[in-house]
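Undergrad: Curious how this folds, go ahead:
(one chain, ligands or ions: 1)
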Amino acid sequence: MPSRLAVLVSGRGSNLQAIIDHFAATGKERLAGIALVASNRADAPALKKAEAAGIDSATFNAVDDGTELLRLLHEFRIDLVVLAGYLTKIPSSVIDEYEGRIVNIHPALLPAFGGEGMYGTRVHKAVIAAGAAHSGATVHLVTDEYDRGPLIAKWRIPVAKSDTAESLAGRVLQVEHVMYPRIIEMIAVLHQLESNSSS
Ligand code: GRF
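TA: Coordinates of the predicted model:
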């Protein structure tokens, strides 16, 4: 049975779009499919992308103890939670129940340039200000601490002398769009392997 993904978004949704396109183009819907796109923000442009792709979407209250989000994840029988530009902390109740099954992508090489408040342009500005020779993208499991969960994959790219936060963000985003859908596919297959061998 395909893994049922929930993609949590707060903003633009370009990673969401890359995941939608990947599973559609590769015909790998039998491995995994997005069952739900959920957002803490009713005005997130990503919700329109879900709608255009015919995927169920919902908004939820992210300042409660996780009750609303858990209710949605149960209702849609979600196996794997994918954070794609989701900017609010995941409550402990959700992390406990979905331990090892919540992934995030960060636009730098963790553990550097991560942690609370490190998102969007701030990350790329910090990379440039530090004079780092490389940046990149990191996919990791989500735990109670911002950007500190076990690392799954990293891809490194050079920072050019002429880079601005915007130009670097654009190149990192290209990497994210290649990397994230494929890593999600890998995780979905590995989870299936695990559940087949334990049943
Ligand atoms: C990406 O850079 C991702 O690494 C970070 O938030 C950004 C989301 O962009 N977690 P988008 O909404 O997927 O376009």
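
Undergrad: residues in contact with residue 146?
TA: 89, 114, 115, 116, 118 (CB atoms under 8 Å, 6 or more residues apart in numbering). Where you see a C-beta, it was placed from the backbone N, CA and C, and this is true even at glycine.

Undergrad: contacting residues around the fourth one?
TA: Translated: residue 116. Residue 116 touches residue 146, counting by CB under 8 Å, 6+ apart.

Undergrad: Alongside the ligand, which residues does this structure contribute?
TA: Within reach of the ligand by CB under 6 Å from any ligand atom, the chain has these residues: 11-15, 46, 84-85, 105-107, 173, 176.

Undergrad: Can you tell me which of the residues you listed are buried?
TA: 11, 13, 14, 15, 46, 84, 85, 105, 106, 107, 176 (16 or more other CB atoms under 10 Å).

Undergrad: Could I get the phi/psi values of the first one?
TA: To tie it back to what came earlier, the one meant is residue 11. phi -140, psi -130 (degrees, to the nearest 10).

Undergrad: so it sits right up against residue 43, yeah?
TA: No. Applying CB atoms under 8 Å as the test, residue 11 and residue 43 come out as separate, 9.7 Å apart.

Undergrad: element containing residue 180?
TA: helix 165-198 (DSSP states H and E).

Undergrad: now for that helix, which elements pack on it?
TA: strand 3-9, helix 14-25, strand 32-39, strand 80-83, strand 102-106, helix 121-129, strand 134-141, strand 151-158 (3 or more CB pairs under 8 Å, 6 or more residues apart in numbering; DSSP states H and E).

Undergrad: now those as CSV including mean pLDDT and distance to residue 181?
TA: Below are these laid out as CSV (pLDDT from 0 to 100; distance: least, CB to CB, whole Å):
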stretch, mean pLDDT, distance to residue 181
strand 3-9, 96, 10
helix 14-25, 95, 3
strand 32-39, 96, 9
strand 80-83, 98, 10
strand 102-106, 98, 10
helix 121-129, 98, 21
strand 134-141, 98, 11
strand 151-158, 98, 12
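
Undergrad: okay if I get the ones you listed as a markdown table plus distance to residue 94?
TA: A markdown table is the format used below for the helices and strands packed on helix 165-198 (distance: least, CB to CB, whole Å):
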| stretch | distance to residue 94 |
| --- | --- |
| strand 3-9 | 10 |
| helix 14-25 | 19 |
| strand 32-39 | 11 |
| strand 80-83 | 8 |
| strand 102-106 | 7 |
| helix 121-129 | 24 |
| strand 134-141 | 13 |
| strand 151-158 | 19 |
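
Undergrad: can you tell me which of the buried ones among the residues of the chain next to the ligand lies nearest to residue 4?
TA: Ranked by distance to residue 4 (CB to CB), these are led by residue 84 at 15.8 Å.

Undergrad: Hmm, residue 183 and the closest one touching each other?
TA: No. Residue 84 is beyond contact range of residue 183, at 11.9 Å (criterion: CB under 8 Å).

Undergrad: measure residue 145 to residue 85 for me?
TA: Residue 145 is 19 Å from residue 85, where distance means CB to CB, to the nearest Å.

Undergrad: actually residue 158, sorry about that
TA: On the measure of CB to CB, residue 158 and residue 85 end up 24 Å apart.
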